[in-house]
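Q: here is the input, now give the coordinates:
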Amino acid sequence: MKWSETYKPSVISEICGDKHMISLIKSYIVNNNNIILYGSSGIGKSLVINCIVQELEIQPKHIYTLNACGDRSVKTIRTSLLSFLKHASSFKKLVLINDVVNMPVGAQHSLCSLMDKYKDVAFVCCTNNHANIIESIQSRCLFLELRNPEQNEITEYLTTILDKEEVVYHEDIFPIIYQYFKSDIRKQLVVLQSSLNERNEINTSTVKDIITSPFEQHVKTILYSIRNDEYRTASMEFNTMFQNGYNHSDVINYLFMHLVYDTQLSEEIRLKYMDIIGQTKISINRGLFSSIQVDKMIVLLCKLHSNDEQKN
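A: Numbers count the residues shown, from 1 in each chain. Alright, predicted model coming up:
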């Protein structure tokens, strides 16, 4: 089983990060304060809320979740969410809104009205940034930023996991993976597990091989398929990477890195590639449904070559 799943935190004490801030979030939820929880993409905002929910023993039926990929219209707010809030219960209720910045303005205003009416319910809005949240919601919420864990905190966390798995390792592997993946612990666990040799050891050589080789080969296949207008092959290669534990942002970042040194593309086409990939990265960071954005990116990149062939 993947370490990223085996050691996925289920309680606050297992989280690598700002324990003081997490305890503060928990206390605000207990006291039914409305929160705007913000931080960089992939930092673990939803994970923190899930761990708090576990500790507070809030049952799933007492949690209403609005996700980026779901229906977030004014009608949904005024019917489905309102019905949830109206239902009498002696248990604590929680409304969780993921990527609130992508809700229509009308839906945000409806949400604001419900915040005023149901003060015995905690509304938690998670977002990468809060620039597009209407002022009336901002004025009714406390702003809390979830910061990235420090390098020494991540190293301590990873060391604990490796010791539990009885892995023999060298201390110099941690600065290497931190240099590539910064505060993304999930990616670091994927690399460490993939770096294990038959003697249950991890060394700098295997770590470097894992960091560069798989991505490089997959990315080359993706770009080759795109250049030949083979959408299905490129899409399947992306899905293989996702199944191996990497997320959409990982792939986008490595596509960018590879393009810098790609000599098979003309300067004009390469700049167009980087523009399309960059727009996809922005859309994913804004919280738009990642798989759809990646599919759209592949189609647009394939079109660059099909259009070029038509001109010729």
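
Q: CA atoms for contacts and neighbours, from now on please.
A: Noted.

Q: and I133, how far is that from C125?
A: 10 Å (CA to CA, to the nearest Å).

Q: let me fix that: D172
A: Using CA to CA, D172 is found at 39 Å from C125.

Q: and Q264, which of the three is it?
A: Here Q264 is recorded as coil under DSSP: H, G, I helix; E, B strand; the rest coil.

Q: state the mean pLDDT of stretch 62-75.
A: Average pLDDT, stretch 62-75: 80.

Q: still on that earlier bit, quick check: neighbours shared by I133 and C125?
A: Residues touching both I133 and C125 by CA atoms under 8 Å, 6 or more residues apart in numbering: V100.

Q: quick check: domain ranges of the chain?
A: The chain breaks down by automatic domain parsing into domains covering 18-145, 152-311.

Q: so for S4, which of those domains sits nearest?
A: With CA to CA as the criterion, S4 lies closest to domain 152-311 of the domains of the chain, at 5.6 Å.

Q: residues contacting Q188?
A: Q188 is in contact with 177-178, 181, counting by CA under 8 Å, 6+ apart.

Q: repeat that for N200.
A: N200 neighbours (CA under 8 Å, 6+ apart): 166-168.

Q: just the buried subset of the residues you listed, written out for PyMOL, thanks.
A: Applying 16 or more other CA atoms under 10 Å to the contacts of N200, the buried members can be selected in PyMOL as follows:
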select buried, resi 167
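
Q: T159: which of the contacts of N200 is nearest?
A: Among the contacts of N200, V167 lies closest to T159 (CA to CA), at 9.5 Å.

Q: wait, isn't that closest one in contact with E201?
A: Yes - the pair V167 / E201 is scored as a contact, 5.7 Å apart, by CA atoms under 8 Å.

Q: remind me which helix or strand L192 belongs to.
A: Assigned by DSSP states H and E, L192 belongs to helix 185-194.

Q: just the CA coordinates of that helix, formatted as PDB?
A: Taking Å, rounded to 0.1, in the frame of the first residue of the first chain, the C-alpha atoms of helix 185-194 are listed here in PDB:
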ATOM      1  CA  ILE A 185       4.900  15.800   1.700                       C
ATOM      2  CA  ARG A 186       2.700  13.500  -0.400                       C
ATOM      3  CA  LYS A 187       5.100  13.800  -3.400                       C
ATOM      4  CA  GLN A 188       8.100  13.200  -1.100                       C
ATOM      5  CA  LEU A 189       6.600  10.000   0.300                       C
ATOM      6  CA  VAL A 190       5.900   8.800  -3.200                       C
ATOM      7  CA  VAL A 191       9.500   9.400  -4.200                       C
ATOM      8  CA  LEU A 192      10.900   7.800  -1.000                       C
ATOM      9  CA  GLN A 193       8.800   4.600  -1.400                       C
ATOM     10  CA  SER A 194       9.700   4.400  -5.100                       C
END
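
Q: what comes up buried for that helix?
A: Neighbour-count burial for helix 185-194, counted by 16+ other CA under 10 Å, picks out 185-194.

Q: now swap in stretch 77-89 and tell me
A: 77, 81-82, 84-85.

Q: what sits against the spatially closest residue to N50 that is not a sequence neighbour?
A: Among residues not flanking N50 along the chain, S10 sits closest, at 7.4 Å (CA to CA, 6 or more residues apart in numbering). Each residue near S10 by CA under 8 Å, 6+ apart is listed here: 50-51, 54.

Q: which SS class is S10?
A: coil.

Q: and it, how far is that from C16?
A: Computed as CA to CA, the S10 to C16 distance reads 12 Å.

Q: got it, and T221?
A: As judged by CA to CA, T221 and C16 stand 35 Å apart.

Q: I am finished for the moment; much appreciated.
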